[in-house]
Every structure is written in structure tokens, then in C-alpha cells.
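Enquirer: Build the 3D model from these lines:
(one chain, ligands or ions: 1)
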Amino acid sequence: MELSPRDIQSKFQQIFKKEPMIIRAPGRINLIGEHTDYNDGFVMPAAVDKEMFFGISPSSDRRSVIFSIKYNEQFEVDLDDPKPVEKPAWANYLLGVLFQFGENGYPVKPFYCVFGGNIPLGAGMSSSAALECGFAFALSEMNMHNVPKLQMVKMAQWSEHHFVGVKCGIMDQFASVMGKTGNGIVLDCRSVTHRYAPLDLKEYGIILLDTRVKHSLVDSAYNQRRMECESGVKQLQTQYPEVKSLRDVTVEMLEEHQGRFEAGVYHRCLYVVQEILRVQAASADLDGGDLKSFGEKMFETHEGLSLLYEVSCKELDFLVERARKFKGVLGARMMGGGFGGCTINLVSNSLAESFITQMTTEYKLAFNIDMAAYRVKVVDGTGLVPDEELDLWT
Ligand code: GLA
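Expert: Okay, here's the model as predicted:
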């Protein structure tokens, strides 16, 4: 059963005997532009209707207490000294945000908080960004700080870097906060400026297929890829001092100096440079309504992620290869950091059901794992759940 904002409200009333305000923070998909955000490139994410919910209110006893529905576990926060803890691991996402509120001059009153949601964990849909962003929004609302959205995004990302230990880019937090119903976000991660691109998918829809695997070393491999990109940039700077990141690099520059790089680093850089160009072309496809061409770019991205960037795995490759052969699929690729999680597929609505059935059967046969499929809707970013909307839930 999926959790609703109403469940959060009831749990909050039951534990804390108070009435909370309710906040929602969505997970995200990424249409195209993978591993480009931390290279100053472009990405095209969107917030979706798999969400995290928070109940929050000032506390009545000067303690600050957070309750996780998923882990059925409570944690008491030392507001004067938020620092990373060994256990529970989930608290660190929130503690980093609290720390940032202090650093940025936003005092926080003692509070009670309950959170939970329905973003599948480890699926590459950014449940962690939703956790950080929703909590930042909740603190801002409860303390009436009206923290600017972009500052919230940056505080959430900081928390992931320093309290969780993943050197993520800005995409996930940005999408969770800035999402807009029916629109993709074309985000320039260098200037951190964006535009909304209406997602007119005609008779096609977005389907996520969840491999239900999350191979170990995900986080360390992520940080390692980031370092490989940085080392490629350092190498190029000896020839081109003006280069600041892979955004400033062309395929020709790479080819000319191929011999200077370790093979792995060369391949990582080549993928990123190609992908940055691809996102720009894909966003033109979307503007022009050319979904076929957009879909082809999704397949190309997957190939690059699998062969050059080497962040795919056999389960993801299998799903993309099978999807490629299915009538009615315009594009498919792995989504997010990699090594498991979901593929994102652009599929004709009329064939969606048979696509899901077929893929589920084949995946089960190949790996003996029950795949999950999500037909997602593109929704607004983090915000309050108004009372009228709460009333819609039983
Ligand atoms: C994770 C990170 C993002 C981004 C993607 C890969 O989701 O959190 O910043 O780098 O991987 O595109």
C-alpha cells in the first residue's frame, strides 16, 4: 500500500498529539543528460508523482524529534550541534540540512517531524534528494523563513556531499524543488539557470522499469567517476588553460590528445562531452515535436553509459536491449547514477500494458527477479499540501 499525506498526518497525531502542517517532495526522472550535471553540462529532469511526505510542527517540550515511518524509528536531534551520526543512517540527510540552516543564518525552533513516502529506494528516483528538499522546505515553512528555492536546493546538495558522503551534482535536488506539472526542466548546470520544456508526448508515455537491483559500491563508483572526469580536465588544462570543466571541451580536443589519457579517463570524458551535446540536440527535438529522434538519443545515451562511462549492469543492459526490440518503444536507457535502479522508456500508450507484461516475464526468466514498473506523471516540485487536498484522502 502506498503511503498518502493523510497517513503521515494520522501518524503524527498519534505520536505527538498535535496537528502538523504537511509537505510533499517529489522524486524525479531524468529524460536525458546523465552524469553531465557535475561536469557543468545540461540535464533534463522532471519531478514525478512518487513522493515523500512530511508532517512538522513546533514541539511542546523543547525536544526536536524525527520519526521515520519506513524504519519505524525515532531520532532525537541536538539542535545546537547537528553533526553526522553512525546510526540511523537516514538521519544524516536531515542533519546536514539542519546544519546548513544554522550556517545560513536561519534559526530553527524545536520541532516534531514525521516522514515517509512512496519513492522506491535504490531505484535511481532520488528519494534522498526528496528527503533533503522536503525537510528543508518544512523547516523553512515552520520557522517562516521563506528560504529562496535555489538556496534550498544548494543546502540539500551540501547535505548529500558532507553528511552523506556522495559528491552528487545539482540535478536531483533542483528537480525535486523546481519541478512543474507537465514540463521537463532544461537545466544548465554551469549557470544554474533553467527553462521549462512542455512535455508533449502525444500518444506516448513514460514508463520506468525497476530492475530491483542495487549493486554494491554505487556511491564509491559515483565519486570515482567524478574524480576521473576531474583528472581528464586537469590533463587538458596543460594544453588548454582556459578549460574549466568538460563543458569547455570538444570531441576534437579529446581526440587530439588521446594518448595523454589513461584509457578509462579518455572514455569517461568522451561520453560526457558527447552527452552534453546530445542533451542540447534532444531538447531541440522536444521543442520540434520529434519524439522519434528524441528516443534515438535515449538509446545512444544508454550505449555511452554502458560502454564508455561503464555505470550500467547486465540487468539494465538487458532491459534496454529488449525494449529496443519492442514495437511502440521510441527510446529506452538506464536512468540516474547507475549500477541498478530503473530504465526510463518512451512507450506508445496503446502498447504500454503489453510492454510491461512482456518485459516482466522476460526479466523474470533471465534473472529470476520480479521487476516493478511505474507509469509516472510529471508534477510540481516541493510544496505544502493544502488542507483541501488532504481532505481528498481517506
Ligand atoms: C545521481 C546524482 C545526480 C546525477 C546522476 C547521474 O542521481 O545525484 O547529481 O549526477 O546521478 O546523472
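
Enquirer: What about E315, how many residues nearby?
Expert: When neighbours are defined as other CB atoms under 10 Å, E315 has 24 of them. Glycine gets a C-beta too; all of them are placed from N, C-alpha and C.

Enquirer: dump the residue contacts of it.
Expert: 211, 213, 340, 363, 367, 369 (CB atoms under 8 Å, 6 or more residues apart in numbering).

Enquirer: again, only using 6 Å
Expert: 211, 213, 367 (CB atoms under 6 Å, 6 or more residues apart in numbering).

Enquirer: Now it: closest residue in space, sequence neighbours ignored.
Expert: T211 (4.1 Å; CB to CB, 6 or more residues apart in numbering).

Enquirer: what about the one you found, which SS state?
Expert: strand (DSSP: H, G, I helix; E, B strand; the rest coil).

Enquirer: hang on, the earlier thing: between the contacts of E315, which is closest to the ligand?
Expert: Distances from the ligand to the contacts of E315, taken as CB to the nearest ligand atom, are shortest for T211 (15.4 Å).

Enquirer: where does that closest one land on pLDDT?
Expert: T211 is assigned a predicted lDDT (pLDDT) of 97.

Enquirer: Quick one: neighbours of it, just the number.
Expert: Neighbours of T211 (other CB under 10 Å): 26.

Enquirer: Quickly note the distance from the residue nearest to E315 to A366.
Expert: From T211 across to A366, the span is 11 Å (CB to CB, to the nearest Å).

Enquirer: and the helix or strand harbouring A284, what does it pack onto?
Expert: Assigned by DSSP states H and E, A284 falls within helix 263-287. The contact analysis (3 or more CB pairs under 6 Å, 6 or more residues apart in numbering; DSSP states H and E) places helix 263-287 against helix 218-237, helix 251-256, helix 291-303.

Enquirer: re the thing from before, using CSV, please lay out the contacts of E315 together with distance to the ligand.
Expert: Formatted as CSV, those follow (distance: CB to the nearest ligand atom, whole Å):
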residue, distance to the ligand
T211, 15
V213, 16
F367, 23
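
Enquirer: got the end-to-end distance for stretch 26-42?
Expert: Taking CA to CA, to the nearest Å, stretch 26-42 runs 21 Å from one end to the other.

Enquirer: what does it rub up against?
Expert: Contacts for stretch 26-42 (CB under 6 Å, 6+ apart): 43-48, 50-51, 119, 125-127, 130, 169-172, 175-176, 179, 184, 188-190, 226, 229, 245-247, 272, 275-276, 279, 282, 301, 305, 335, 344, 379.

Enquirer: repeat for stretch 111-121
Expert: 2-3, 8, 11-12, 16, 27, 50-59, 64-67, 69-70, 125, 127, 130.

Enquirer: what residues are up against the spatially closest residue to S59 that is not a sequence neighbour?
Expert: Spatial nearest neighbour of S59, chain neighbours left out: P110 (4.3 Å); criterion: CB to CB, 6+ apart. Shown in contact with P110 (CB under 6 Å, 6+ apart): 59, 62, 64.

Enquirer: if you set the cut-off to 7 Å instead, what comes out?
Expert: 58-59, 62-64, 79 (CB atoms under 7 Å, 6 or more residues apart in numbering).

Enquirer: Give me the pLDDT for it.
Expert: 98.

Enquirer: start the count at 55, not 1, going forward
Expert: Taking 55 as the first residue, the last one we looked at is P164.

Enquirer: And the strands in this structure, which stretches?
Expert: With strands called from DSSP state E, the chain shows them at 75-84, 96-97, 99-112, 118-122, 127-131, 165-171, 237-242, 247-252, 258-268, 383-388, 394-402, 426-429, 437-438.

Enquirer: Give me the sheet partners of the last one and which way each runs.
Expert: So that's strand 437-438. Partner strands for strand 437-438, per DSSP bridges, with pairing direction: strand 75-84 (antiparallel).

Enquirer: Quick one: mean pLDDT for the partner strand?
Expert: According to the model, strand 75-84 has a mean pLDDT of 98.

Enquirer: so how far is that strand off the chain centroid?
Expert: 11 Å (CA atoms, centre = their mean, to the nearest Å).

Enquirer: got it, and stretch 90-97?
Expert: 14 Å.

Enquirer: and what of stretch 135-153?
Expert: 20 Å.

Enquirer: So which elements touch the worst-scoring helix or strand of the chain on mean pLDDT?
Expert: Ranked by mean pLDDT, DSSP states H and E, the weakest helix or strand in the chain is helix 441-444, scoring a mean of 87. Helix 441-444 sits against helix 59-70, with contacts defined as 3 or more CB pairs under 7 Å, 6 or more residues apart in numbering; DSSP states H and E.
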